[in-house]
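Chemist: Here is the input, now give the coordinates:
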Amino acid sequence: FICVELGTYCGYGSILLAGIFKDNPVLFNYFDFHLFTVEINPEFAKVALEMIKLAEVDDIVKIVENHFYLDGSTGHVGEILYDEIKTVLSLPRIDFLLIDHDKDSYLSDLKRIETCNLLQKGSTVVADNVIFAGINDYINYMRENESARSVSTVTHVAHVEYSSFTDEYKDGVGTLIH
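Modeler: The predicted structure follows:
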């Protein structure tokens, strides 16, 4: 089971995702689980690595650093992930993709991953903060994909993280299932 997280930050999401598998013997013994988490900021990656080690999930979580180049661009996230996943799987694919990084890059990075054929039938893509951050190009793309291809999409309305349930701030998680 190949899980990918775009946006590691301090490793909290990676630790939670890995913990779900590692703490459940049925899942952990049934699936060969690997989590690749992509972080562009080297300082965040360093902190995340320490947190992941402290949580004792470093055997199934790999931080993939996607560095800025001198011209300000970054590596092609699809190609970088393809190469990383190929180290554990001869035909690279992503079973679960969590997008929770630079909001302006949600759609472009999803398309880059799709271009590398990493998403296949049965893949699930979850994007956080799509309503609150107003990521309309991503939401529209998901809806267009639903009518153009055999995928289903839904936006789950939720509250903005770190806010109380009485706050009027709404957020959503967009899910795309191939």
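Chemist: which regions of this protein sit below the pLDDT cut-off?
Modeler: For the chain, the stretches with pLDDT under 70 are 67-75, 147-150, 156, 158-178.
Chemist: can you list the residues that contact stretch 16-36?
Modeler: Contacts with stretch 16-36, where a contact means CB atoms under 8 Å, 6 or more residues apart in numbering, come from 1-5, 14, 52, 55, 57, 60-62, 64, 81, 84-85, 88-89, 98. Just so you know, the C-beta spots here come from the backbone N, C-alpha and C atoms, and that holds for glycine as well.
Chemist: Can I get the buried part of the residues you listed as one PyMOL selection?
Modeler: Per 16 or more other CB atoms under 10 Å, the buried members of these correspond to this PyMOL selection:
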select buried, resi 2+3+4+5+14+52+55+57+60+61+62+64+81+84+85+98
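Chemist: From the contacts of stretch 16-36, which land in strands?
Modeler: 2-5, 61-62, 64, 98 (DSSP state E).
Chemist: Redo the residues you listed as a markdown table? Include distance to residue 125.
Modeler: Listed next are the ones in strands among the contacts of stretch 16-36 as a markdown table, based on distance: CB to CB, whole Å:
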| residue | distance to residue 125 |
| --- | --- |
| 2 | 13 |
| 3 | 11 |
| 4 | 10 |
| 5 | 12 |
| 61 | 19 |
| 62 | 20 |
| 64 | 17 |
| 98 | 8 |
